[in-house]
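# Give me the fold of what follows.
(chains A, B, C and D)
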Number of protein chains: 2
Amino acid sequence: MHYSKTDSLYLQLKHDIVHGKLPQNTALKQTLLAERYGVSRIPIRDTLQRLKNDGWLSNHGKSSVMIRPLNSSDAEDLYLMRLHLEPMLLGHAIPNINFETLGKAQDILLKLKSSEPRDILQQGELNWQFHRCLYLPADRPALFDTVTQLHQLCARYIGFQEMELDYLSHSQNEHEALLTALREDDRQKANKVLTEHIRIAGEQLVRYLKQSL
Amino acid sequence: MHYSKTDSLYLQLKHDIVHGKLPQNTALKQTLLAERYGVSRIPIRDTLQRLKNDGWLSNHGKSSVMIRPLNSSDAEDLYLMRLHLEPMLLGHAIPNINFETLGKAQDILLKLKSSEPRDILQQGELNWQFHRCLYLPADRPALFDTVTQLHQLCARYIGFQEMELDYLSHSQNEHEALLTALREDDRQKANKVLTEHIRIAGEQLVRYLKQSL
DNA sequence: CATGCTATATTTGTATACAAATTTAACACG
DNA sequence: CGTGTTAAATTTGTATACAAATATAGCATG
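Down below sits the predicted model:
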């Protein structure tokens, strides 16, 4: 398959939004974006339609869009949804998780451990790779798609978690615990670890957002 | 605000998919759609991008899309997600539900009661209006958007629920019970009624799909 | 008859051009 | 000054045109 400009743009724009490289609280001009990414307005429009539906953009004025502002209420919702949906997805995955999957997950965790402590965005990406790798065996497309979207929306908030200095090591421990539970095929424990993992991250983030936004 | 062709198309295409008016299990040709709806391919493309991201379409070949086939696994996921998310949303809404809201909900229920027994699609629309009306006061955009998407995806399966003859009256009773619980400001009861309402509908649908698909 | 290759037709992807709508700015009036 | 109104500039919406990719059909070869 040949990747189209729209497909690349979709990823690129998400990346640039997460990295804060695009103007905030103001209309995203199609012309500007087209120039910036060296394409015409058509693939830009295709991309914006998708991002709007994904919840990355909100309306600005009557016909423009802007980057959806971060806020604690959205963050709360996103984590609350993840809190309920991800354990469900993991539950479906567990019977299909084999040695290969566990190996991959372990590899990702090692990369995460050896990643630059400063590169919070790289860590966010690896974090999602880890979860994704464990959810994929569930083979539940509808559920998986929704969880993926939620995860990516959460990624926009990752800059704020940097603040909590001990977040990463906590997270690391929880990941290890999850993997251990899966190796021992202890469904209940895995479920509990994952739930707590998300709950803690969510609560920490929301607490921080409420005081800082 | 002036509705663009893309906006109308988005609704129209969903409508036509639910009503089975578009070719199934084969690529949706942009040219064909453009002719059918009397527009150029540009608004068609905008619309398809959105629908693809919403989960209404899946890939067909390398670059085309087709209507996402109905299947029991997706249906199970959709209802399972709704089962967890909607009570959450209602919980947020309850403190903000006032007489006006309850009145509107009651009106919709009356319309539903007096609707043509055959017009299952009209009933589906009113059913969503009822739920939507109760969820709106929650003022939780992220959660509301996800629930809305799930509801609309479920709407594609509504044709199958016609089969269960007593579905509508059951549903009607549950709606009334929910409204009563809300009038009495009984959170716990409202939550329970809603949960059961979704669980029963989902189980019934999935059971039917499994034997008939 | 099956299989792979090539040429052709179809379809999607993208750019350009123009129309319609919206936003901005200028200005008159109270 | 503030406010409403109109004209200009900007921006989005859509059509048309063409390029790139993909799917189809026909043919050759084993």
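# Do any residues in the longest helix belonging to chain A lie close to chain B?
Across chain A, the longest stretch assigned as helix under DSSP state H is helix A:187-212. No: counting by CB under 8 Å from any CB of the partner chain, chain B has no neighbours in helix A:187-212; the shortest distance is 12.5 Å. To be clear about C-beta, it is placed using only N, CA and C from the backbone, and glycine gets the same treatment.
# in that helix, what counts as buried?
For helix A:187-212, the buried set under the neighbour-count rule, 16 or more other CB atoms under 10 Å in any protein chain shown, comprises A:190-191, A:193-195, A:197-198, A:201-202, A:204-206, A:208-209.
# out of those, which one sits closest to DNA strand D?
Nearest to DNA strand D among the buried residues of helix A:187-212, counting by CB to the nearest atom of the strand, is residue A:209 at 28.4 Å.
# Would you enumerate the residues in contact with that closest one?
By CB atoms under 8 Å, 6 or more residues apart in numbering or on different chains, the contact list for residue A:209 reads A:70, A:71, A:72, A:75, A:157, A:160.
# Same check on residue A:182?
By CB under 8 Å, 6+ apart, the neighbours of residue A:182 are A:94, A:97, A:102, A:105, A:134, A:190.
# Just the element for it, please.
Per DSSP states H and E: residue A:182 is located in helix A:167-183.
# Now do the phi/psi pair for residue A:117.
phi -60, psi -30 (degrees, to the nearest 10).
# ok, which residues in chain A are in contact with chain B?
So far as CB under 8 Å from any CB goes, chain A lies against chain B at A:1-2, A:4, A:6, A:42, A:45-47, A:49-50, A:52-55, A:62-63, A:73-74, A:77-78, A:80-81, A:84-85, A:88, A:140-143, A:145-146, A:150, A:153.
# Can you mark which positions in the helix or strand bottoming out on mean pLDDT in chain A are buried?
Across the helices and strands of chain A, mean pLDDT, DSSP states H and E gives its lowest value to helix A:158-161, namely a mean of 79. Buried positions in helix A:158-161, judged by neighbour count with 16+ other CB under 10 Å: A:158, A:160, A:161.
# Please name the nearest non-neighbouring residue to the second one.
Going back to what we said before, that points to residue A:160. residue A:208 (5.5 Å; CB to CB, 6 or more residues apart in numbering or on different chains).
# ok, now how distant is the one you found from residue A:56?
21 Å (CB to CB, to the nearest Å).
# residue contacts, residue A:37?
Going by CB under 8 Å, 6+ apart, residue A:37 touches A:9, A:12, A:44.
# doesn't residue A:85 make contact with residue A:146?
Yes: when contacts are counted by CB atoms under 8 Å, residue A:146 is listed as touching residue A:85 (6.4 Å).
# got any ranges where chain A has weak pLDDT?
Residues of chain A meeting the criterion pLDDT under 70: A:1-2, A:5, A:162-166.
# Which residue ranges of it form helices?
A:5-18, A:30-37, A:41-54, A:72-93, A:99-113, A:120-135, A:141-155, A:158-161, A:167-183, A:187-212.
# how far away is residue A:34 from chain B?
Remark: distance between residue A:34 and chain B (CB to the nearest CB, to the nearest Å) = 15 Å.
# List the contacts of that residue.
Counting by CB under 8 Å, 6+ apart, residue A:34 has contacts A:40, A:41, A:44.
# what's the answer for residue A:156, then?
Neighbour list for residue A:156: A:17, A:18, A:56, A:70 [criterion: CB under 8 Å, 6+ apart].
# Quick one: the residues you listed as TSV, columns for distance to DNA strand D too.
TSV is the format used below for the contacts of residue A:156 (distance: CB to the nearest atom of the strand, whole Å):
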residue	distance to DNA strand D
A:17	16
A:18	21
A:56	15
A:70	21
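# Quick one: buried ones out of those residues?
For those, buried by 16+ other CB under 10 Å: A:17, A:18, A:56.
# Smallest gap between chain A and DNA strand C, at which residue?
Closest point on chain A to DNA strand C, by CB to the nearest atom of the strand, is residue A:61, at 2.3 Å.
# returning to what we had before: top of the contacts of residue A:34 by number of neighbours, please.
Neighbour counts for those (other CB atoms under 10 Å in any protein chain shown) peak at residue A:44, which has 24 neighbours.
# Make sure that residue is actually in contact with residue A:30.
Yes: contact criterion CB under 8 Å: residue A:44 and residue A:30 qualify, at 5.2 Å.
# From the chain's centroid, how far away is stretch A:122-130?
With CA atoms, centre = their mean, to the nearest Å as the basis, stretch A:122-130 stands 8 Å off its chain's centre.
# For it, buried residues please.
Judged by neighbour count (16+ other CB under 10 Å), stretch A:122-130 contains these buried residues: A:123, A:124, A:125, A:126, A:127, A:128, A:129, A:130.
# quick one: the first one and residue B:58, what's the gap?
For residue A:123, the distance to residue B:58 (CB to CB) stands at 32 Å.
# Around the residue of chain A closest to DNA strand C, count how many other residues there are.
Counted with other CB under 10 Å, residues neighbouring residue A:61 total 9.
# One more: residue A:65?
Applying other CB under 10 Å, we find 18 residues neighbouring residue A:65.
# Now do the least confident helix or strand of chain A: everything it contacts.
Outside helix A:158-161, the residues that touch it by CB under 8 Å, 6+ apart are A:18, A:20, A:70, A:120-121, A:124, A:167, A:201, A:204-205, A:208-209, A:212.
# before we move on, what about stretch A:125-141?
Stretch A:125-141 has contacts (CB under 8 Å, 6+ apart) with A:86, A:89-90, A:92-93, A:96-98, A:101, A:104-105, A:108-109, A:111-112, A:115, A:144, A:147-148, A:151-152, A:155, A:171, A:175, A:178, A:182, B:73-74, B:77.
# Just the buried residues from those, in PyMOL please.
The PyMOL selection below is limited to those of the contacts of stretch A:125-141 classed as buried (16+ other CB under 10 Å):
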select buried, (chain A and resi 86+89+90+92+93+97+101+105+108+109+112+144+147+151+152+155+171+175+178+182) or (chain B and resi 73+74+77)
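# hang on, the earlier thing: what do residue A:146 and residue A:85 both touch?
Common neighbours of residue A:146 and residue A:85 (CB under 8 Å, 6+ apart) are residue B:81.
# Surely residue A:59 touches residue A:67?
No: in this structure, residue A:59 is not within contact of residue A:67 by CB under 8 Å, at 11.6 Å.
# and the two? which has more neighbours close in?
Neighbour count, other CB under 10 Å: between residue A:59 and residue A:67, residue A:67 has more, with 22 against 13.
# Tell me what that one is bridged to.
As for beta bridges, residue A:67 partners with residue A:57 under DSSP bridges.
# Return the residues in contact with it.
Each residue near residue A:67 by CB under 8 Å, 6+ apart is listed here: A:17, A:22, A:23, A:24, A:25, A:28, A:56, A:57, A:58.
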